[in-house]
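Asker: take this sequence and fold it.
(chains A and B)
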Protein chains: 2
Amino acid sequence: MMDISNDHAIGIDIGGTNTKYGIVNHRGQIIFEGSIKTDQYPTIDEFIDALYGKLQPEIDAMKDVNIVGIGLGAPNGNFYTGTIDYAPNLRWKGIVPLAQLVTEKFGITAKLTNDANAAAVGEMMYGAARGMKDFIMITLGTGVGSGIFANGELVLGHDGFAGELGHSIVIPGGRLHPHTGLYGSLESYASATGVTVTAKEFLSGTAEASILRETPTDDLNSKIVFDAAIAGDAIAMKVFEFTGNILGMALANFVTFSSPQAIILFGGLTKAGDILMKPVKDSMERNLLPIFRNKIQLIFSELKESDAAILGASALVW
Amino acid sequence: MMDISNDHAIGIDIGGTNTKYGIVNHRGQIIFEGSIKTDQYPTIDEFIDALYGKLQPEIDAMKDVNIVGIGLGAPNGNFYTGTIDYAPNLRWKGIVPLAQLVTEKFGITAKLTNDANAAAVGEMMYGAARGMKDFIMITLGTGVGSGIFANGELVLGHDGFAGELGHSIVIPGGRLHPHTGLYGSLESYASATGVTVTAKEFLSGTAEASILRETPTDDLNSKIVFDAAIAGDAIAMKVFEFTGNILGMALANFVTFSSPQAIILFGGLTKAGDILMKPVKDSMERNLLPIFRNKIQLIFSELKESDAAILGASALVW
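Answerer: Predicted structure coming up:
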């Protein structure tokens, strides 16, 4: 007799530095998890062998657990082709047929999507977007990622590369984004990296006193800027106001596309809380068409950051 | 015996000035059409009575024609509620329960959506987007409208108001859009109205000779600017270059959202042809993330403008 409550999924989230993996039950509980260093494996085969070496003994040891599939999240991961295409932050170059290689190694069907899409799927199944058919997930970390649901489905695009909102242009002719060559894209401003660049620009543009000047310029990061803003430092507060203004305008633009019930923010930069969110909300409302005003929920993810990546990837299986 | 080939739909497109209606067969052929002046009817009841007076005698006179539904396209038309909500260009104020009123009058189920969404549905059924699951339709007329298909479905949004890309911000703090109060929205630049404003700005900002100066400023319109550009007038050509640059950047941003197979342009401003399209295409490609470059088709609608509105509205029925 098959007991469907024994069905489990494996979730694997591949980041530039760390790869997190876990075994997840139907209720979104992670019953086993671990991680390996992504960048220690020069070839994709060595990487998959390492994952297999960690996961297969656990699977074998579990009684009454039926693994129905493997979900993978990775930068530039493509749902349609199951490949990672030219990911700038990974060691494996070109087009990597990840889903196929993992399927073959484990003998279990594997599905792949990009990391922000996986996070959106996880949020819809287990987080703040439960029951929502139309929402946009924005991940604010080192970069800016996005995953979009419309009409109850993940928007994939004709080629599987939809949901790259971090690369939309918000300041025409603005700051150069080194990885993409684009000028004035959202990721250049509304990421942890962008906040740091803004702080450096603001500091060099004025002689105004700031506790940020106690840190050598090369050592500045978004956490230091945030701590300074909390402490009431005027320049640090202006950095978050500037960042929030730009992000809010970008969110207003996203609303004109899909009129989502909610925009869900996730990732390291959301730890700034109201210091970032107040200017974001003000700017979003100001830049919205009147029919959209005071209707779009702007909320934080309900998933623990450490779990979200695994849950999101595993949710691809169900 | 029912013969399904006798099934027909009524399409009604409500514009600020004219309302066009037609009876359409399953192959997208308009077998009867006509129009009335929208703005002659102070109340919605008088307007619907007038439509009924035109259409019902035709329906009664047709043998073997089975009308299965009525499709309506109107500015601010909402698919979910069947209402027109606060349309700035119509005489009927507030929230108008159009689909319900039409259904009751004709005794035939009526469905409503906004005019650009209807155009996208028509393009998917009968035009350049046949067989496409992911495309964006942009209407460039007096204003800028949009209709979006993702995963094979019209993107409606949680409230039915998705697809308002003309109101996305392209130039932060830019030109004021009088109807919405937004600064720097796409419609302020990439509409027929926007082209005229740009021409006036360019003319007043320089003493450079231009055949546009032969027309009194108040009489300038996009057609005159286009004719001057065709004739090689430097300022008129710069107007289209400027407009195309902004529109192309906006289209690149839309691609980051849904990665469409094609962007389909429709409406009066597309008559400018390559004078507009060359800068649009160049700017779009320049502002795209490398993975999207040279992949997105940028094409014109295949529907005759006079038919598209009726076909698009009627296509809601099928």
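Asker: contact residues of the stretch 201-318 of chain A facing chain B?
Answerer: Within the stretch 201-318 of chain A, the positions near chain B by CB under 8 Å from any CB of the partner chain are A:246, A:249, A:252-254, A:256-261, A:287, A:289-292, A:295. C-beta: built from backbone N, CA, C; applies to glycine.
Asker: could you point out the helix or strand that follows the longest helix seen in chain A?
Answerer: Determined from DSSP state H, the single longest helix within chain A is helix A:234-258. Downstream of helix A:234-258, the first helix or strand assigned by DSSP states H and E is strand A:262-266.
Asker: strands paired with that following strand, and their directions?
Answerer: Sheet pairing for strand A:262-266, assigned by DSSP bridges, gives strand A:135-140 (parallel), strand A:297-300 (parallel).
Asker: so A:His8 lies in a strand, does it not?
Answerer: Yes. Counting by DSSP: H, G, I helix; E, B strand; the rest coil, A:His8 is found in a strand.
Asker: counting neighbours, what do you get for it?
Answerer: One way to gauge burial is a neighbour count; for A:His8, by other CB atoms under 10 Å in any protein chain shown, it gives 23.
Asker: how close does it sit to A:Gly122?
Answerer: Using CB to CB, to the nearest Å, one obtains 15 Å as the distance from A:His8 to A:Gly122.
Asker: also A:Lys93?
Answerer: 28 Å.
Asker: neighbour count winner among these two?
Answerer: In terms of neighbours (other CB under 10 Å), A:Gly122 is the more surrounded of A:Lys93 and A:Gly122; the figures are 32 against 10.
Asker: quick one: contacts for the more buried one?
Answerer: When contacts are counted by CB atoms under 8 Å, 6 or more residues apart in numbering or on different chains, A:Gly122 touches A:Leu303, A:Ala308, A:Ala309, A:Leu311, A:Gly312, A:Ala313, A:Ser314, A:Ala315.
Asker: just checking, which of the residues you listed belong to strands?
Answerer: Within those, membership in strands is found for no residue, as judged by DSSP state E.
Asker: ok, and the most crowded of those residues?
Answerer: Going through the contacts of A:Gly122 with other CB under 10 Å as the criterion, the one with the most neighbours is A:Ala313, at 34 neighbours.
Asker: now the angle from the least confident helix or strand in chain A by mean pLDDT to strand A:262-266?
Answerer: Within chain A, no helix or strand scores below helix A:305-315, which has a mean of 85 by mean pLDDT, DSSP states H and E. Angle between the axes of helix A:305-315 and strand A:262-266 is 120 degrees (criterion: axes from the mean of the first three to the mean of the last three CA atoms, to 10 degrees).
Asker: what residue in the stretch 201-318 of chain A comes nearest to chain B?
Answerer: Scanning the stretch 201-318 of chain A for proximity to chain B using CB to the nearest CB identifies A:Ser259 as nearest, at 2.6 Å.
Asker: wait, that residue sits on B:Gly157?
Answerer: Yes. Proximity of A:Ser259 to B:Gly157 meets the contact threshold set by CB atoms under 8 Å, at 2.6 Å.
Asker: shared neighbours of these two, anything?
Answerer: A:Asp134, B:Gly163.
Asker: who in the stretch 1-150 of chain A is up against chain B?
Answerer: Looking at chain B, the residues of the stretch 1-150 of chain A close enough under CB under 8 Å from any CB are A:Asn76, A:Asp85, A:Tyr86, A:Met132, A:Lys133, A:Asp134, A:Ile148, A:Ala150.
Asker: is it true that A:Ile36 lies in a strand?
Answerer: Yes. Using three-state DSSP, the secondary structure at A:Ile36 is a strand.
Asker: can you report how many residues lie near it?
Answerer: 17.
Asker: cool, A:Ala262 as well?
Answerer: A:Ala262: 19 neighbours (other CB under 10 Å).
Asker: cool, A:Tyr183 as well?
Answerer: By other CB under 10 Å, 17 other residues sit near A:Tyr183.
Asker: bridging residues for A:Leu140?
Answerer: Beta-bridge partners of A:Leu140, counted by DSSP bridges, are A:Val144.
Asker: domain map for chain A?
Answerer: As recorded under automatic domain parsing, the domains making up chain A are A:4-122+A:306-315, A:132-301.
Asker: export those to TSV and tack on distance to B:Val144?
Answerer: Rendered in TSV, the data for those read as follows (distance: least, CB to CB, whole Å):
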stretch	distance to B:Val144
domain A:4-122+A:306-315	28
domain A:132-301	11
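Asker: is it correct that A:Gly160 falls within a strand?
Answerer: No. Under three-state DSSP, A:Gly160 falls outside any strand and is assigned coil.
Asker: now do the same contact list for it.
Answerer: A:Asn78, A:Phe79, A:Tyr80, A:Thr81, A:Thr113, B:Ser259.
Asker: repeat that with 6 Å
Answerer: Taking CB atoms under 6 Å, 6 or more residues apart in numbering or on different chains as the criterion, A:Gly160 is in contact with A:Asn78, A:Phe79, A:Tyr80.
Asker: neighbour-wise, which of these leads?
Answerer: Most crowded among the contacts of A:Gly160, counting by other CB under 10 Å, is A:Asn78 at 23 neighbours.
Asker: measure how the longest helix of chain A sits relative to helix B:234-258, angle-wise.
Answerer: Using the same axes, to 10 degrees, the interaxial angle of helix A:234-258 with respect to helix B:234-258 works out to 90 degrees.
Asker: any regions of the stretch 151-300 of chain A where pLDDT drops low?
Answerer: Judged against pLDDT under 70, the stretch 151-300 of chain A has no low-scoring part.
Asker: state the distance from the spatially closest residue to A:Gln261 that is not a sequence neighbour to B:Ser146.
Answerer: When the adjacent residues along the chain are set aside, A:Gln261 lies closest to B:His158, with 3.9 Å between them (CB to CB, 6 or more residues apart in numbering or on different chains). Going from B:His158 to B:Ser146 by CB to CB gives 17 Å.
Asker: more neighbours: which of the two?
Answerer: The residue with the greater number of neighbours, taking B:His158 and B:Ser146 and applying other CB under 10 Å, is B:Ser146; the counts read 27 against 21.
Asker: let's verify that one: helix, strand, or coil?
Answerer: Three-state assignment for B:Ser146 (three-state DSSP): strand.
Asker: for it, give its distance to chain A.
Answerer: 8 Å (CB to the nearest CB, to the nearest Å).
Asker: quick one: that residue and B:Asn117 touch, right?
Answerer: No. With contact taken as CB atoms under 6 Å, B:Ser146 and B:Asn117 are classed as non-touching, separated by 8.3 Å.
Asker: between these two, what contacts are shared?
Answerer: If you check B:Ser146 and B:Asn117 against CB under 6 Å, 6+ apart, the residues they both contact are B:Gly163.
Asker: about what we covered before: tell me which of the residues of the stretch 1-150 of chain A next to chain B is nearest to A:Val170?
Answerer: When the residues of the stretch 1-150 of chain A next to chain B are ranked by distance to A:Val170 (CB to CB), A:Ile148 comes first, at 17.4 Å.
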